[in-house]
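>>> structure for this input, please:
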Amino acid sequence: MVSQSDRVVLIGVAGDSGCGKSTFLRRLTDLFGDEFMTVICLDDYHSLDRKGRKAAGVTALDPKANNFDLMYEQIKALKEGKAIDKPIYNHETGEIDPPERIDPNKVIVVEGLHPLFDERVRSLLDFSVYLDISDEVKINWKIQRDMAERGHTYEDVLASINARRPDFSAYIEPQKQYADVVIQIVPTQLIEDKESRYLRVRLIQQEGKPHFRPVYLFDEGSTIDWRPCGRKLTCSYPGIKLYYGPDSYMGNEVSILEVDGEFDNLEEMIYIESHLSNTATKHYGEMTELLLAHKDYPGSNNGSGLFQVLVGLKMREAYQNLTASSVEEKVVAAV
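You can find the predicted model right below:
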C-alpha cells in the first residue's frame with residue numbers, strides 16, 4: 001500500500017495535435033519542477049505502428065489503434081506507487097520501440113489524444129484539462145504553418161484536416177464533457193478577423209468538482225462584461241474584453257471566464273489579476289510573474305497564456321489539497 005507521504009497525483013491533459021499541449025506542459029514544469037513531475041505521452045500506447053494503421057485503414061485517433069488495457073494497468077500501477085515498463089512509440093520511424101522503465105513520481109501527467117476516453121483511465125485522474133481549438137482557428141493556424149513553412153497548398157491543408165475530422169469528432173472531442181476545465185480558443189468577436197490574428201479564449205470550469213473551486217471575476221455567480229482598457233490597462237485597437245458568468249456546457253453546470261483580444265503590456269496583468277478570485281496563487285502577483293517569466297511562449301499576450309497559468313495554479317492547489325487531506329486521514333486513522 002502506498003504511504004500517504006508518497007501520494008501520487010494524476011493529471012490528464014487532453015486535446016488534438018497542435019492544440020498547445022506542449023506549451024501548457026512547459027508552464028506546468030514551472031509549478032511542479034522536472035524532478036517532481038513525470039509526463040507520459042499516451043501515443044506510447046499505440047497498439048499499431050504506422051504501417052499497421054495504414055494496413056488496417058485506421059488513424060491514431062481510432063481506439064482500435066490503441067491499447068487501453070495496458071494503458072489502464074500501467075497508469076493504475078503508477079498511482080499505486082509501482083514502477084512500470086512503458087512502451088515507446090517512435091514518432092520519427094513510426095515504429096514501437098523497446099519499453100523504458102518509469103518510476104512513480106509525486107505528479108504524473110498523462111497527455112495526448114485519449115486521456116479521458118477510457119472510463120477506467122478517467123477514473124484514476126485527480127484533475128483534467130481539455131485544450132480545445134475551434135475549426136476556424138485550427139484551419140487558419142495550420143494554413144499559416146503548413147503553407148508558409150512546409151510548402152503545402154491550401155487544398156492539401158484542408159484535405160488533411162478533413163481526413164481527421166470524422167475520427168476527431170467521434171473519439172477525441174466528446175472527452176470535453178469529462179474535463180474539470182476546458183480551455184477553448186475561438187474567433188474574436190471584437191472585429192471581423194478571417195486570419196484568426198485575434199482570439200477569444202474561454203475557460204470553461206465545471207462546478208461541484210472535488211478539490212477545485214472555479215476562478216471568478218468580481219462577483220461569484222454573477223454575469224460580468226468588463227472592458228478594462230483605459231488608464232490602468234494599455235489597449236491598442238481592437239481593445240480587450242473580459243466576460244464571466246454561469247452557464248451549462250455538454251450537460252454540465254459550469255462557470256465561464258473569457259478573454260477576447262490581446263494584452264499590450266504583460267506587466268499590467270497585475271491589474272487583471274487583482275480582480276480575479278480563487279486563482280490559487282501563493283502570493284500577490286504570482287500569476288503575473290509566471291506569465292512574465294515566459295512571455296515568449298505562444299499565446300502569452302492573449303487569454304490562452306493567462307488561462308494555462310491559471311489552470312496550472314489550480315492543479316497545484318488540487319495537489320496540495322489531495323496530499324494535505326491524505327495526511328489528515330493518516331492522523332485521524334492513528335487516533
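>>> okay, CA-based contacts and neighbour counts for the rest of this
Will do.
>>> average pLDDT across stretch 93-103?
Stretch 93-103 shows an average pLDDT of 93 in the prediction.
>>> can you list the neighbours in contact with it?
With contact meaning CA atoms under 8 Å, 6 or more residues apart in numbering, stretch 93-103 is reached by 44, 49-51, 78, 81-90.
>>> then stretch 25-34?
If you take CA under 8 Å, 6+ apart as the criterion, stretch 25-34 is touched by 37, 107, 290, 308-309, 312-313, 316.
>>> for it, list every residue counted as buried.
Across stretch 25-34, burial judged by 16 or more other CA atoms under 10 Å covers 25, 27-29, 31-32.
>>> out of the contacts of stretch 25-34, which sit inside helices?
290, 308-309, 312-313, 316 (DSSP state H).
>>> checking Pro87 next. Helix, strand or coil?
strand (DSSP: H, G, I helix; E, B strand; the rest coil).
>>> my error: substitute Pro174 in the last question.
Going by three-state DSSP: Pro174 is helix.
>>> for Tyr45, report the pLDDT, please.
Per-residue pLDDT puts Tyr45 at 96.
>>> just list the residues touching it, thanks.
Counted by CA under 8 Å, 6+ apart, Tyr45 has contacts 66-68, 70-71, 87-89.
>>> helix or strand with the lowest mean pLDDT in the chain?
helix 135-149 (a mean of 73; mean pLDDT, DSSP states H and E).
>>> list phi and psi for Ile185.
Ile185 has phi and psi values of phi -110, psi 120 when expressed as degrees, to the nearest 10.
>>> is it in a bridge, and if so with what?
Beta-bridge partners recorded for Ile185 (DSSP bridges): Ile133, Val201.
>>> contacts only, for it.
Taking CA under 8 Å, 6+ apart as the test, what Ile185 contacts is 132-134, 137, 199-202, 304.
>>> what's the lowest-pLDDT member of the residues you listed?
Among the contacts of Ile185, Val137 has the lowest pLDDT, at 84.
>>> so that residue makes contact with Pro187?
Yes - using CA atoms under 8 Å, Val137 is in contact with Pro187, at 6.5 Å.
>>> need the residues touching each of those two.
Listed as contacting both Val137 and Pro187 by CA under 8 Å, 6+ apart are Ser196.
>>> the more surrounded of the two?
Each of Val137 and Pro187 has its neighbours counted (other CA atoms under 10 Å); Pro187 has more, 23 against 20.
>>> just give the nearest non-adjacent residue to that one, would you?
Leaving aside its chain neighbours, Pro187 sits nearest to Leu199 (5.2 Å; criterion: CA to CA, 6 or more residues apart in numbering).
>>> so the one you found sits against Thr188, correct?
Yes - counting by CA under 8 Å, Thr188 is a contact partner of Leu199 at 4.7 Å.
>>> number of nearby residues for Met37?
The local packing of Met37 (other CA under 10 Å) involves 20 other residues.
>>> who's in contact with it?
When contacts are counted by CA under 8 Å, 6+ apart, Met37 touches 29, 105-109.
>>> equivalent analysis for Leu113, please.
Counting by CA under 8 Å, 6+ apart, Leu113 has contacts 14-17, 42-43, 61, 172.
>>> closest one to Tyr284 out of the residues you listed, please.
Ranked by distance to Tyr284 (CA to CA), the contacts of Leu113 are led by Ala14 at 30.0 Å.
>>> so what's the backbone phi/psi at the closest one?
For Ala14, the backbone dihedrals (degrees, to the nearest 10) come out as phi -110, psi 150.
>>> where does it land on pLDDT?
Looking at Ala14, its pLDDT is 94.
>>> nearest residue to it other than its sequence neighbours?
Nearest residue to Ala14, sequence neighbours excluded (CA to CA, 6+ apart): Tyr130, at 4.6 Å.
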